[in-house]
Each structure stands twice: as structure tokens, then as C-alpha cells.
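[1] Give me the fold of what follows.
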Amino acid sequence: MPLISGNWKMNLSHAEAVQAVKKLGILLEGMKSELTKPEIRRLEAVEISIHPTFVALRSVQSVVEAESIPVMLGAQNCHWEDSGAFTGEVSPIMLSKLNVRYVIVGHSERRRIMGESDEMINTKLKAVFRCGMIPILCVGEDLDQRENNETESLLAYQVKAAVDGVSPDNLSKLVIAYEPVWAIGTGISATLDQAQQGCQAVHSLVGSSARVLYGGSVNADNASQLVRCDGIDGLLVGGASLNPDSFADIVKQSVIS
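    As a prediction, the model looks like this:
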């Protein structure tokens, strides 16, 4: 099942988040009148997740459930312990109690800015599975690594380190987002060939059952081409997901003929 995920990062207050998800729900429902029957069936087969800040999760959950908005709730991060003396952290069990479905793990900003190690990412990934949720593992190379032809070796290292000790059953449920670091928030998206090659390289490491998303300056202009590439099972959208109109348009572009 294709997955379109919106990572809101450190944006939108809880009130703004509520308004955004309400508008997104209206747009998704209204979209059906613009689609053909086959396109509507494809839309209904797409999973959509939104990943608000921690302070907005409960408010967004209430709206999504009360208004039956067809989106899954996601989180941007979590700790690996269920409880304890970890000031400022949020545990996976807390997220599961809010009906969170997906948790982003190992985003490049967490690796680069917050100093998260591969060992931490592996422990978090296992904790997300332990609490009945699905991790969206982020992997990707920086510009120097791309120019030095190190993309595939880096992806192999990051994926293998992250899934070490993960059961085959959980591995089949895993979602991995290939996000070249040089394309995140820069407005420069990878070419279709680069995106496809990166996602196919990840598939070769984990098999065909795990879903592989592409992320990195995704927008309504490139979404339809990206989702039609062999090996790309969906999209992880950053800045464009903050605007309900643009995010809904990305969803629409992913299902139209």
C-alpha cells in the first residue's frame, strides 16, 4: 500500500495544527469529485500520515478521530525507553496510547544536529516495533558522499546498522525513507534516476516487502513522476506538507492517471 507522509518538523502550534488537519480532511473529501473511479480507488488505497509536533499530537488525534479524517497519526521521534529519568523525552508507549501509527526514526536532522548514533537509531527502531507502531527509518547521503560515489555503500551501512537484530516479521513491516541530505529543504530534488536508484538500492538490502519512500524537496510538480518510478512506494514530504492545499495536491498527483 503506497504511503504519503507529511513531516511537519518544528512548525505549527496545536491550534494551527488543528486547523491544518481540518482543512486537509475537507480537501481530501472534495478531491473525490475531481477524480475518475479508478483514481478514487487508488486514492482509497493510499495511506496518508501526518507528523505534528509532540505538543499538537493529542489535539490532532482528537480531530482526526472525531471527524473521521482519512489520515494516520505519526510522530517525528521518540525515546527508546518506556519511562524513566529522561527529561524532555517522549516514550514510544506514550505515543502508542495516542494511536500513533508511524514514528520517524533517524532523520538526518536528528543525526546531524542532535548527534544521534546508529546504535541509538537501532534501539529506537526496535522500541517503536515493541510498542506496536511502525518506524519510518530515514537514510541518505550528503553532497560530498554523493560526489565521491559513496551513496550505495553509505545506504548499506545505515540500513544494516539500523535493522540489526530486527525480526524478519518486523523487517517486512518497516518503512524506509531514502532522503538525500543535499535535497532536504534546499528546493533541489534528486533527479528521477537518482531517486529511483537510491530507493532500489534500499530495496535490495531489505527485500520487496518493506516499503521505501523518497523524500527531499517533494512537491506537487514532481510527486506524480516520483511515485511512478519502480522501487518508490510513496513519499516523505517536508515543507510542502505544512500547507494543506499543497499536501492535498501532492496526494492527488500521486493517484491521477
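
[2] can we go C-alpha only for contacts and neighbour counts from here?
    Fine.

[3] Now for this structure, the helix or strand with the poorest mean pLDDT.
    Sorting the helices and strands of the chain by mean pLDDT, DSSP states H and E puts helix 143-147 at the bottom, at a mean of 90.

[4] May I have that one as PDB, with CA atoms only?
    Output of helix 143-147 as PDB, limited to C-alpha atoms (Å, rounded to 0.1, in the frame of the first residue of the first chain):
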ATOM      1  CA  LEU A 143      26.600  16.000  -1.100                       C
ATOM      2  CA  ASP A 144      30.300  15.000  -0.500                       C
ATOM      3  CA  GLN A 145      29.300  11.400  -0.300                       C
ATOM      4  CA  ARG A 146      27.200  11.600  -3.400                       C
ATOM      5  CA  GLU A 147      30.100  13.300  -5.400                       C
END
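
[5] Show me which residues of it are buried.
    Gln145, Arg146 (16 or more other Cα atoms under 10 Å).

[6] Determine how far that helix lies from the middle of the whole chain.
    Centroid separation for helix 143-147 versus its chain: 23 Å, with Cα atoms, centre = their mean, to the nearest Å.

[7] Over to stretch 101-111?
    Here the centre of stretch 101-111 is set off from its chain's centre by 8 Å, with Cα atoms, centre = their mean.

[8] Now do the buried residues in it.
    Buried, per 16+ other Cα under 10 Å, within stretch 101-111: Arg101, Tyr102, Val103, Ile104, Val105, Gly106, His107, Ser108, Arg110, Arg111.

[9] show me what contacts Leu226?
    Leu192, Ala195, Gln196, Tyr214, Ile232 (Cα atoms under 8 Å, 6 or more residues apart in numbering).

[10] Identify the residue spatially nearest to the second one, adjacent ones excluded.
    By that I understand Ala195. Nearest non-adjacent residue to Ala195, counting by Cα to Cα, 6 or more residues apart in numbering: Tyr214, 6.6 Å away.

[11] Report how many residues lie close to that neighbour.
    28 (other Cα atoms under 10 Å).

[12] again, but for Asp230
    Asp230 has 12 nearby residues by other Cα under 10 Å.

[13] got it, and Ser13?
    Applying other Cα under 10 Å, we find 13 residues neighbouring Ser13.

[14] which residue packs closest to it, ignoring adjacent ones?
    In space, and not counting its chain neighbours, Ser13 is closest to Ala56: 6.7 Å by Cα to Cα, 6+ apart.

[15] who does the helix or strand containing the one you found touch, helix- and strand-wise?
    In the assignment (DSSP states H and E), Ala56 maps to helix 54-66. In terms of contacts (3 or more Cα pairs under 8 Å, 6 or more residues apart in numbering; DSSP states H and E), helix 54-66 is packed against helix 14-31, strand 72-75.

[16] Save these as TSV, and put in mean neighbour count, mean pLDDT and distance to Leu43 too.
    Shown next, in TSV, are the helices and strands packed on helix 54-66 (neighbours: other Cα atoms under 10 Å; pLDDT from 0 to 100; distance: least, Cα to Cα, whole Å):
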stretch	mean neighbour count	mean pLDDT	distance to Leu43
helix 14-31	17	98	9
strand 72-75	25	98	14
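
[17] Indicate which one of the ones you listed is closest to Leu205.
    Between Leu205 and the helices and strands packed on helix 54-66, the shortest separation by Cα to Cα is 24.9 Å, and it involves strand 72-75.

[18] Give the rounded mean pLDDT of the following helix or strand past that closest one.
    Counting by DSSP H and E, the next helix or strand C-terminal to strand 72-75 is helix 92-96. Averaged across helix 92-96, pLDDT comes to 98.

[19] After helix 92-96, heading C-terminal, what element do we hit next?
    Scanning forward in sequence from helix 92-96 by DSSP H and E, the next helix or strand is strand 100-105.

[20] What strands flank that following strand, and is each parallel or antiparallel?
    strand 72-75 (parallel), strand 134-139 (parallel) (DSSP bridges).

[21] Let me have the ones you listed in CSV, extended by distance to Asn11.
    As requested, the strands paired with strand 100-105 are exported to CSV (distance: least, Cα to Cα, whole Å):
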stretch, distance to Asn11
strand 72-75, 13
strand 134-139, 20
